[in-house]
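Participant: Provide a 3D model corresponding to the input given below.
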Amino acid sequence: MKDIEIVTIDFWNTLYDSSGGPERNKSRQLAIVNEIDKYELFLPADRINEAIEASWKNFEYFWKEHQITPSATQTVEFIWNYLKLPTDNDAIQNISDVFANGILINKPKPINFVKEVLPILKNKYKIALISDTGFSPGSVISKLLKEDGLFDYFDSFSFSNETGVAKPHSKAFTTVLEATYSQSINGIHIGDIEHTDVKGAKNMGMKAIRFSGDLTKLTEKNPDKTSADFEVFDWKQIENILL
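Facilitator: Sure thing, here's the model as predicted:
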């Protein structure tokens with residue numbers, strides 16, 4: 001595409017799908033139960049699920065309203081306090097490790113055609129990843145990318161747990177633009193969420209592609225109409241637009 005020099009890409013539901021999510025959630029719940037069992041306490045499953053659901057709402061509040069993403073440890077601390085359990089830093093750390101590393105055990109998958117298209121784009125553009133991190137921090141996401149052979153295609157990374165901000169905050173984007181000596185007007189961002197990915201990119205003066213092809217996506221309903229320059233449903237369409 002004319003005048004484009006850098007392509008920035010969202011991680012969840014754009015580069016990778018959400019497969020493995022139910023298995024990851026089960027392992028997280030089990031980690032909580034195992035730590036509670038050490039106190040010989042009984043908490044009904046409904047009560048634990050209620051705490052986990054409340055933690056999601058807490059996460060979404062800070063993510064959407066304050067453009068920051070609570071870490072796995074902060075989320076586990078919220079759950080622990082919600083359940084009114086005695087202070088136990090070791091238990092919180094043990095559970096947090098399970099939350100954070102879940103994607104390395106029950107792995108999500110690269111979206112169809114990502115592995116074919118990414119190296120083609122790399123031959124023409126600088127490539128950067130911009131991810132709002134949930135339970136898994138940037139260090140764990142980087143491990144997953146390395147295991148799948150995708151890490152080296154990226155010139156720069158912006159993870160919300162490292163930058164301290166989430167999209168659509170401008171710093172999420174300027175972090176990779178400055179690292180690659182790129183201008184926003186010469187960039188295009190690919191992401192699945194209208195409010196964070198598309199709005200954030202357009203506010204920066206970048207072009208935007210809304211990716212709507214991940215059928216494993218369960219949350220964050222988008223408006224029917226997008227302000228993105230393009231909307232695509234698979235990575236072959238991205239290849240056609242950018243090459």
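
Participant: From the contact counts, what lies against the helix or strand where residue 102 lies?
Facilitator: Element membership of residue 102, judged by DSSP states H and E, is helix 89-105. Counting contacts by 3 or more C-beta pairs under 8 Å, 6 or more residues apart in numbering; DSSP states H and E, helix 89-105 packs against helix 21-37, helix 72-82, helix 138-147. The way it works is simple: take the backbone N, C-alpha and C, and place the C-beta from them, glycine included.

Participant: Output those helices in TSV, with mean neighbour count appended to each entry.
Facilitator: TSV is the format used below for the helices and strands packed on helix 89-105 (neighbours: other C-beta atoms under 10 Å):
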stretch	mean neighbour count
helix 21-37	16
helix 72-82	20
helix 138-147	17
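
Participant: between the ones you listed, which one is nearest to residue 10?
Facilitator: helix 138-147 (11.6 Å; C-beta to C-beta).

Participant: from the middle of its chain, how far away would the closest one be?
Facilitator: Computed by C-alpha atoms, centre = their mean, to the nearest Å, the chain-centroid distance of helix 138-147 equals 12 Å.

Participant: Which strands or helices does that helix pack on?
Facilitator: helix 89-105, strand 126-131, strand 156-159.

Participant: same thing but at 10 Å, please
Facilitator: Packing partners of helix 138-147 (3 or more C-beta pairs under 10 Å, 6 or more residues apart in numbering; DSSP states H and E): helix 89-105, strand 126-131, strand 156-159, helix 160-163.

Participant: Can you measure across stretch 74-94, start residue to end residue?
Facilitator: Stretch 74-94 has an end-to-end distance of 13 Å (C-alpha to C-alpha, to the nearest Å).

Participant: contacting residues around it?
Facilitator: 28, 31-32, 34-36, 38-39, 41, 43, 47-48, 50-59, 62, 68-73, 95-100, 134-135 (C-beta atoms under 10 Å, 6 or more residues apart in numbering).

Participant: List buried residues within those residues.
Facilitator: Of the members of these, the ones counted as buried by neighbours, 16 or more other C-beta atoms under 10 Å, are 28, 31-32, 35-36, 43, 48, 51-52, 55, 58-59, 68-73, 95-96, 98-100, 134-135.

Participant: Disregarding residues adjacent in the polypeptide, which is nearest to residue 4?
Facilitator: Nearest residue to residue 4 in three dimensions, chain neighbours excluded: residue 188, at 5.3 Å (C-beta to C-beta, 6 or more residues apart in numbering).

Participant: what mean pLDDT does the helix or strand harbouring that neighbour have?
Facilitator: Element membership for residue 188, per DSSP H and E: strand 187-191. For strand 187-191, the mean per-residue pLDDT is 98.

Participant: Moving along the chain from it, name the first helix or strand you hit.
Facilitator: Following strand 187-191 in sequence order, the next helix or strand is helix 199-203 (DSSP H and E).

Participant: contact partners of that next one?
Facilitator: 8, 10, 67, 130, 132, 166-170, 172-173, 184, 187-191, 193, 206-210, 227-229.
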